[in-house]
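**Student:** The sequence and its predicted three-dimensional model are supplied below.
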Amino acid sequence: MAHTKNWCRKDKRLAIYLRDGLKCVYCQADMEDAPLSLDHLVPRSDGGSNDSGNLVTCCLECNRRRGVTPLTIWLAHTQTDPAATARFIVEHTALDLKPYRAEAKVIIARRQEEKDNA
């Protein structure tokens, strides 16, 4: 089943994008290079949750290519340094999302205000 963007609150989605540097954790594409999405480290079909510690920023192409492939296998086949990518993921998913969520809420409010004033 394909997800729409509505399965995750806007502020949480943007907070995760901010936490991960607005780049795909796998190929480093940024939002100017490719549309970004969220990837479940442990796929929902394997019991993974929508918790921020199980979500990372990725481009749509990497998300599509990975599918439900286990993360260690995906990294081994797609990364020149899978250990470095795994470290980045572990470090970033362990970060407290609260400051990123606060920043996301400010950005969303500002964008809404700009829309309302247009």
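**Tutor:** Sure, I can see it.

**Student:** and residue 25, what does it touch?
**Tutor:** For residue 25, the contact set (C-beta atoms under 8 Å, 6 or more residues apart in numbering) comprises 39, 56, 57, 58, 85, 88, 89, 92. The way it works is simple: take the backbone N, C-alpha and C, and place the C-beta from them, glycine included.

**Student:** Now it: closest residue in space, sequence neighbours ignored.
**Tutor:** Using C-beta to C-beta, 6 or more residues apart in numbering and skipping the chain neighbours, the partner closest in space to residue 25 is residue 56 (4.7 Å).

**Student:** where exactly do the helices run in this protein?
**Tutor:** 10-19, 60-66, 71-78, 82-93, 98-117 (DSSP state H).

**Student:** how about those in JSON lines, adding distance to residue 44 and mean pLDDT?
**Tutor:** Output for the helices of the chain, formatted as JSON lines (distance: least, C-beta to C-beta, whole Å; pLDDT from 0 to 100):
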{"stretch": "helix 10-19", "distance to residue 44": "16", "mean pLDDT": "96"}
{"stretch": "helix 60-66", "distance to residue 44": "13", "mean pLDDT": "95"}
{"stretch": "helix 71-78", "distance to residue 44": "14", "mean pLDDT": "94"}
{"stretch": "helix 82-93", "distance to residue 44": "16", "mean pLDDT": "96"}
{"stretch": "helix 98-117", "distance to residue 44": "22", "mean pLDDT": "94"}
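
**Student:** Distance to residue 45 and mean neighbour count added to the ones you listed, as JSON lines?
**Tutor:** Converted to JSON lines, the helices of the chain look like this (distance: least, C-beta to C-beta, whole Å; neighbours: other C-beta atoms under 10 Å):
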{"stretch": "helix 10-19", "distance to residue 45": "20", "mean neighbour count": "20"}
{"stretch": "helix 60-66", "distance to residue 45": "13", "mean neighbour count": "17"}
{"stretch": "helix 71-78", "distance to residue 45": "14", "mean neighbour count": "15"}
{"stretch": "helix 82-93", "distance to residue 45": "19", "mean neighbour count": "14"}
{"stretch": "helix 98-117", "distance to residue 45": "27", "mean neighbour count": "12"}
